[in-house]
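Novice: build me a model from this:
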Amino acid sequence: MEIRDLKIFISVAQNSSISKAAEELHYVQSNVTARIKLLEEQLKAELFYRKSKGVELTASGYLLLDYAQRIVQLSKEAENVIADQEEPRGKLSIGSMETTAAVRLPSLLATYHRAYPHVELNLVTGPSADSIQRLLNFKVDGVFVAGSINRDLFIVEKAFEEELVLVTPLGIEDLRQVKNLTILVFRAGCSYRAQLVRWLQESGKLPYRILEFGSIEGILGCVAAGMGISFLPRSVVETKQPQKNYSWHSISGEFGSMTTWFVRRHNEKISKAMLVFRDLVMNRP
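Specialist: The predicted model follows:
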């Protein structure tokens with residue numbers, strides 16, 4: 001087995017599709033199909049069920065996936081060990097919530113890039129649940145997330161403390177003023193969305209509609225237009241409010257704050273690139 005073939009296998013398994021894996025890896029589809037077939041011949045086992053739309057892992061495929069991920073990760077660690085004999089270099093992929101990436105990370109990433117230009121830094125944004133899954137699948141090296149984290153699986157360190165505020169259209173001081181309550185949020189898996197839903201439930205502010213967005217600008221623009229309300233970090237709201245075309249309100253008690261954690265996998269040799277990034281996060285001014 002070649003490392004390259006294992007990487008192809010992992011991509012096909014995670015995407016449940018040969019065509020999507022080919023696109024992700026920048027290969028032609030026929031090459032991916034041929035490499036998977038060769039891998040099956042070498043192992044004398046069928047790894048995927050072929051369906052009309054996509055593929056699905058067989059029992060043998062599930063067994064191989066765990067080993068393949070560990071082998072690829074060990075290969076990456078070996079490369080990092082050799083590269084880490086001098087200054088930080090290689091690849092470093094970081095996952096983050098959209099809000100953290102927009103406000104907390106720009107200056108930090110710029111400082112890191114200036115100090116360590118030989119590191120290929122990659123930032124992937126998405127809800128906390130998606131970032132944790134990417135970390136489990138070895139697609140990123142560390143993530144900034146909020147909410148409950150399984151500390152048996154990960155190293156969890158406090159990165160930022162955020163004050164959460166209720167964002168409303170101008171003129172709204174009490175949700176009793178709002179008819180047909182609508183909340184404007186990121187897709188499922190977002191920690192701020194979950195916090196807002198819990199707050200509404202405990203406050204008895206029901207029922208409500210949910211509209212999902214893919215960006216902070218989309219949420220705030222639609223709040224300003226009067227479409228609904230949202231829960232966001234105060235740091236984001238203040239940064240994104242040059243024309244003050246919406247209002248924000250402090251929330252008392254447990255719902256008014258949330259910790260952003262920096263999370264890494266357990267039992268993994270930390271690369272020099274990750275080590276200096278982690279130190280930069282923990283020792284920022």
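Novice: I'd like the distance between residue 132 and residue 146.
Specialist: Distance, residue 132 to residue 146, using C-beta to C-beta, to the nearest Å: 11 Å. Every C-beta, even on glycine, is put in place using the N, C-alpha and C of the backbone.
Novice: which strand or helix spans residue 180?
Specialist: If you go by DSSP states H and E, residue 180 is not part of any helix or strand.
Novice: now swap in residue 144 and tell me
Specialist: strand 142-146.
Novice: who's in contact with that strand?
Specialist: Surrounding strand 142-146, the residues in contact under the criterion C-beta atoms under 8 Å, 6 or more residues apart in numbering are 94-97, 100-101, 104-105, 128, 131-132, 134-135, 159-160, 162, 191-192, 258-264, 274, 277-278.
Novice: list only buried entries from these.
Specialist: 94-97, 100-101, 104-105, 128, 131-132, 134-135, 159-160, 162, 191-192, 258, 260-264, 274, 277-278 (16 or more other C-beta atoms under 10 Å).
Novice: for the residue lying closest to residue 234 once chain neighbours are set aside, what are its contacts?
Specialist: Distances taken as C-beta to C-beta, 6 or more residues apart in numbering put residue 163 closest to residue 234, at 4.4 Å, once the chain neighbours are dropped. By C-beta under 8 Å, 6+ apart, the residues touching residue 163 are 233-235, 250, 256-257.
Novice: same list, the residues you listed, but as TSV with neighbour count and secondary structure please.
Specialist: Below are the contacts of residue 163 laid out as TSV (neighbours: other C-beta atoms under 10 Å; DSSP: H, G, I helix; E, B strand; the rest coil):
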residue	neighbour count	secondary structure
233	26	strand
234	17	helix
235	17	helix
250	10	strand
256	18	helix
257	14	strand
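Novice: what's the helix or strand for the residue nearest in space to the middle of the chain?
Specialist: By C-alpha atoms, centre = their mean, the chain has its centre lying nearest to residue 131, at 2.6 Å. Residue 131 is part of helix 128-136, with elements assigned from DSSP H and E.
Novice: by how many degrees do that helix and strand 142-146 diverge?
Specialist: Relative orientation of helix 128-136 versus strand 142-146 (axes from the mean of the first three to the mean of the last three C-alpha atoms, to 10 degrees): 160 degrees.
Novice: can you map out the helices along the chain?
Specialist: Secondary structure of the chain (DSSP state H): helices located at 3-15, 18-25, 29-43, 59-83, 98-103, 106-115, 128-136, 191-203, 216-224, 234-239, 272-282.
Novice: nearest to residue 182, out of those?
Specialist: Comparison of these against residue 182 by C-beta to C-beta identifies helix 216-224 as nearest, at 9.0 Å.
Novice: buried residues in the closest one, which are they?
Specialist: For helix 216-224, by 16+ other C-beta under 10 Å, it's 216, 219-224.
Novice: the closest residue to residue 269 other than its chain neighbours and residue 1, how far apart?
Specialist: Ranked by C-beta to C-beta, 6+ apart and with sequence neighbours excluded, the top spatial neighbour of residue 269 is residue 77, at 5.1 Å. Distance, residue 77 to residue 1, using C-beta to C-beta: 18 Å.
Novice: kindly report the same for residue 261.
Specialist: Distance from residue 261 to residue 1, by C-beta to C-beta: 36 Å.
Novice: cool, residue 42 as well?
Specialist: Separation of residue 42 from residue 1 (C-beta to C-beta): 6 Å.
Novice: for residue 219, same thing?
Specialist: On the measure of C-beta to C-beta, residue 219 and residue 1 end up 46 Å apart.
Novice: re earlier: could I get the pLDDT score of the residue nearest to residue 234?
Specialist: Note for residue 163: predicted pLDDT of 92.
Novice: bridging residues for it?
Specialist: For residue 163, the beta-bridge partners are residue 257 (DSSP bridges).
Novice: how many other residues sit next to the residue nearest to residue 118 when sequence neighbours are not counted?
Specialist: Leaving aside its sequence neighbours, residue 118 sits nearest to residue 89 (C-beta to C-beta, 6+ apart; 3.9 Å). A total of 17 residues lie near residue 89 under the criterion other C-beta atoms under 10 Å.
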